[in-house]
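Student: just the structure for this:
(one chain, ligands or ions: 2)
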Amino acid sequence: MMQIKIFSESPEETQKIAAFFIKTILQKKGKVSKKALLVSLEGNLGSGKTEFLKGVAKAVKLKTRVFSPTFVIMKRFNLTHPVFKYLWHLDCYRLKKTSELKELGFSDIINDNRNLVFVEWGDKIKKALPKNHLKINFQIIGKNKRKLTISL
Ligand SMILES: Nc1ncnc2c1ncn2[C@@H]1O[C@H](COP(=O)(O)OP(=O)(O)OP(=O)(O)O)[C@@H](O)[C@H]1O
Ligand SMILES: [Mg+2]
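Tutor: Numbers count the residues shown, from 1 in each chain. Ligands and ions are numbered 1, 2, ... in the order given. Predicted coordinates:
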């Protein structure tokens, strides 16, 4: 496992880091995995997980705005990419049990390699995550400073 640590000094910078991250991922041509590519976003309330996703959304030119889902814990967006057809945004903060994921069709989502899945509070559903998932930890350092640790 490899870890990359990056400091962000503003929400805009977090979005730029997100854009770099997603562009690097989408450049990968060959598809080794039969499963979805899942990125677990972990860290305290207000640490920048949704901000990061907004950066991802802008970089892939999503037409719909990404926001912190209040009632919906799962949203799907269309991608124009040869391999990844859908971008999913899940927020597990309000999830009470891992079994709730079943009702949302989570296993179908992660077993489909056309899916690129971002999960806020992914650490709450650790057992349900595919083995090869990526992880980004967000740590609040100061008012506008965040430490992002990417585990590949
Ligand atoms: N460097 C930074 N990177 C990201 N967000 C920052 C930064 N500095 C300040 N902020 C602010 O911190 C907040 C991050 O909120 P965001 O909704 O992204 O957090 P979150 O991790 O998704 O929280 P939650 O667990 O509640 O979903 C925003 O208000 C944003 O403006
Ligand atoms: Mg959020």
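
Student: residues of the lowest-mean-pLDDT helix or strand in the chain that come out buried?
Tutor: Lowest on mean pLDDT, DSSP states H and E among the helices and strands of the chain sits helix 100-103, with a mean of 86. Buried residues in helix 100-103, counted by 16 or more other CB atoms under 10 Å: residue 101. C-beta: built from backbone N, CA, C; applies to glycine.

Student: next secondary structure after it?
Tutor: Using DSSP states H and E, the helix or strand that follows helix 100-103 in sequence is helix 106-110.

Student: and the residue nearest the centre of the chain, what is it in contact with?
Tutor: Central residue of the chain (CA atoms, centre = their mean): residue 118, 2.4 Å from the mean position. By CB atoms under 8 Å, 6 or more residues apart in numbering, the residues touching residue 118 are 38, 39, 41, 53, 56, 87, 88, 89, 90.

Student: what do you get for residue 15?
Tutor: By CB under 8 Å, 6+ apart, the neighbours of residue 15 are 51, 52, 54, 55, 58.

Student: quickly find the element holding the third one.
Tutor: In the assignment (DSSP H and E), residue 54 maps to helix 49-59.

Student: number of nearby residues for residue 53?
Tutor: Other residues within reach of residue 53, judged by other CB atoms under 10 Å, total 25.

Student: next one, pLDDT for it please.
Tutor: For residue 53, the pLDDT comes out at 95.

Student: separation between it and ligand 1?
Tutor: Using CB to the nearest ligand atom, to the nearest Å, residue 53 is found at 8 Å from ligand 1.
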